[in-house]
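K.L.:
Give me a model of this one.
(2 chains)
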Amino acid sequence: MAVRRPLARAKKLFLALALAAAVSLASRGATAEERRGRDVQLFMRGNGLYDAGWITLSVTGIVSGTLLFKPPRVDRAPLDGLGHREHSPQLGRAADASVAVGLGVGAGLAFLTEIGNGSKGRDLTRAPLIMVEGAVAASAFTQLLKNIFGVCRPRDWDGTQRRCLPTNKTESSAAHEERENEARRSFPSGHNAPLAGMAGAALGIYILPTGHRSEFLPIALTSTGFALTTVLLREQAGAHSWVDTLGAFAAGGLAGFAAAALHVKSGTTRPPPGEPVIQRPATLSFGGAF
Amino acid sequence: MRPVRRRRRPSDLWKRVLLPASLVLAVPAPHQALAAPQMSGPPPVGPAAAAPAPAGAASTIAPSGLAPLPVGSASAPADSGAAAAAPVIPLTDAAGSVESKQKDSPSNPEVQATALPSVGGRRVRGYAKAGVWEMGGALSFITGKSLQQVGLAPTAGYFVIDYVEISLLPQFDYAQTAGSSGKTRLVLLVEPSWHMQLKGALFLFFGSGFGTAYEKASGTGLALAPRTGINVLIGGNGVVNVGFEYVYSASPKAAPKDRDNATTGLRAGYTVAW
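P.N.:
Okay, the predicted model is just below:
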């Protein structure tokens, strides 16, 4: 008859306990995950000064890129290699409408969604603020970048002479100078960037919080739809090449997503919309079978 | 002195909107429109009608929306009294003009391929051009997570500028969710949409509908419906619309787990444009 040795049994028990403790501490239980959850907050790092600085820098970038800096006077062909395209004022107007409506719809829907979430006071401006920050950051990025490359717009590119020759030259020298500059600000597209920035910011507000904020998915889809529509319209209008529009879409989307990421705060508990916040005590549980 | 504002008389509305709409719905076949007596409405107005067409440089299009006919061409059915009374409206710009060189010019064959019939004396326009009306409807079948839904959505739209349409989309849905009885939902959307010509009679569109949704159980809430798809012009003024849509609605009064309702699906519809 076999006799169990007490020392061996104690060793096994100790090993099992140690293993259970290690696994339990390494795992993320439901309660622990709630306590370490992420959510987007109204201000970057909890301080409105960062947001004011972000917007000020972005607006300064937009104004400087538009009025102060000039593109180099070079004859650089449209980047997609498709050369000259006819100008279409009607499609250009449709693209303008797409930008105006898209920005208004994006910010407006974000505000309505915050109302629907039951946000109160200044928290009502959280999602619209983040989306506007995404839009202006993307716009500043592209407006500054336009002046570095000096790429010619397809409508102004003369393929036979391989020169950038703005159409509809006016008599006024100042206006002609501005037209010459504008003809070389093709890359990246300034119409697409703010819409893509809003789409990126909405995507960030949807994805980044723990458990996702599903109510921002339709806003992200809508803003992305407006951005892609403008991609097509601006190319078809002869104002940009595909590289300009798709480049602005990608860069603007990243800038918007970055703006949303700067609003993420860890360590918050984010209940589903409409459910009361229940503070639960942290617990540690052991389990095992021998 | 206060400026005197002229109120639009109801008869104007009748002439501009309802009469053309009724004619379009009553005469769907384009080849019959040429001989239809009621098609000979008031004389065409606008610069296209007023400007004399230079011989050999411009062409005209018959109200049927078929191939353009040259001015004074012997191929026109001159022996038909009804056809002679029908408006024949210059469609193209003079060759060599600034307008004719633009891709939006009526001289462009791509634009001619989309020309809609002149109904009720209205000027001939290409589809998706400013001033075009569109009316029709769609039937939808949507499937989502434990959801089956059928819907009816009449549509009325107007192109405010070229390629941009504002539509009103009332929608009546009957939804059956798993484990519960069917329920009716009413959605009213306003949708700005953009229509881009891909090739000939084929258009790509994107629309962003937003408005309200109502259900008896959950009350009134916000509704969003971005959608994208294609428009195909058929038979003169018919437009087949096929699109992919995402419909989201949120009702604050509903229980938290039922607050958000998102569905995706295909929507096919038919409209007439004039």
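K.L.:
Do a quick rundown of the strands in chain B.
P.N.:
For chain B, strands defined by DSSP state E occupy the ranges B:59-61, B:68-70, B:89-90, B:133-144, B:147-161, B:164-177, B:183-199, B:202-215, B:219-234, B:238-250, B:260-273.
K.L.:
Low-confidence stretches in the stretch 1-150 of chain A?
P.N.:
Scanning the stretch 1-150 of chain A for pLDDT under 70 picks out the ranges A:1-7, A:23-36.
K.L.:
which residues in it form strands?
P.N.:
A:38-40 (DSSP state E, counting those that start in this stretch).
K.L.:
these two touch, right, A:I130 and A:I205?
P.N.:
Yes: counting by Cβ atoms under 8 Å, A:I205 is a contact partner of A:I130 at 6.1 Å. All C-beta spots, glycine's among them, are computed from the backbone N, C-alpha and C.
K.L.:
overlap in contacts of those two?
P.N.:
A:V40, A:A110, A:A260 (Cβ atoms under 8 Å, 6 or more residues apart in numbering or on different chains).
K.L.:
The first one contacts A:M131, doesn't it?
P.N.:
It stands for A:V40. No: assessed by Cβ under 8 Å, A:V40 is found out of contact with A:M131, at 11.0 Å.
K.L.:
How about A:P194: what's its closest non-neighbour residue?
P.N.:
Nearest non-adjacent residue to A:P194, counting by Cβ to Cβ, 6 or more residues apart in numbering or on different chains: A:A135, 4.0 Å away.
K.L.:
Next up, the contacts around that neighbour.
P.N.:
Shown in contact with A:A135 (Cβ under 8 Å, 6+ apart): A:L103, A:G106, A:P194, A:L195, A:G197, A:M198, A:A201, A:G256.
K.L.:
hey, what's B:T228 bridged with?
P.N.:
Per DSSP bridges, residues listed as beta-bridge partners of B:T228: B:F206, B:F244.
K.L.:
Any residue of the lengthiest helix in chain A touching chain B?
P.N.:
Taking DSSP state H as the criterion, chain A has its longest helix at helix A:89-116. Yes: counting by Cβ under 8 Å from any Cβ of the partner chain, chain B is contacted by helix A:89-116 at A:89-91, A:93-94, A:97-98, A:101-102, A:105, A:109, A:112-113, A:116.
K.L.:
Tell me the buried residues within these.
P.N.:
Applying 16 or more other Cβ atoms under 10 Å in any protein chain shown to these, the neighbour count classes A:90-91, A:93-94, A:97-98, A:101-102, A:105, A:109, A:112-113, A:116 as buried.
K.L.:
if we can go back for a sec, go through the strands of chain B and name the closest to A:A20.
P.N.:
Nearest to A:A20, of all these, is strand B:260-273, at 39.6 Å by Cβ to Cβ.
K.L.:
okay, the angle between that closest one and helix A:89-116?
P.N.:
150 degrees (axes from the mean of the first three to the mean of the last three Cα atoms, to 10 degrees).
K.L.:
Neighbouring strands of strand B:260-273 in the sheet, and parallel or not?
P.N.:
In the sheet, strand B:260-273 lines up with strand B:133-144 (antiparallel), strand B:238-250 (antiparallel) (DSSP bridges).
K.L.:
List the contacts of the shortest one.
P.N.:
Contacts made with strand B:133-144 from outside it, assessed by Cβ under 8 Å, 6+ apart, are listed as B:17, B:20-21, B:24-25, B:148-159, B:165, B:167, B:171, B:173, B:239, B:241, B:245, B:247, B:262-274.
K.L.:
out of the residues you listed, which are buried?
P.N.:
Here, 16+ other Cβ under 10 Å leaves B:20-21, B:24, B:149, B:151, B:153, B:155-159, B:165, B:167, B:171, B:173, B:239, B:241, B:245, B:247, B:262-263, B:265, B:267, B:269, B:271-274 buried among those.
K.L.:
how about the helices of the stretch 101-250 of chain A, start to end?
P.N.:
Using DSSP state H, counting those that start in this stretch, the helices of the stretch 101-250 of chain A run over residues A:126-149, A:173-183, A:192-207, A:217-236, A:242-261.
K.L.:
Now for A:R213, how many residues are close by?
P.N.:
Applying other Cβ atoms under 10 Å in any protein chain shown, we find 23 residues neighbouring A:R213.
K.L.:
That one and A:D39, how far apart?
P.N.:
8 Å (Cβ to Cβ, to the nearest Å).
K.L.:
Equivalent analysis for A:T66, please.
P.N.:
36 Å.
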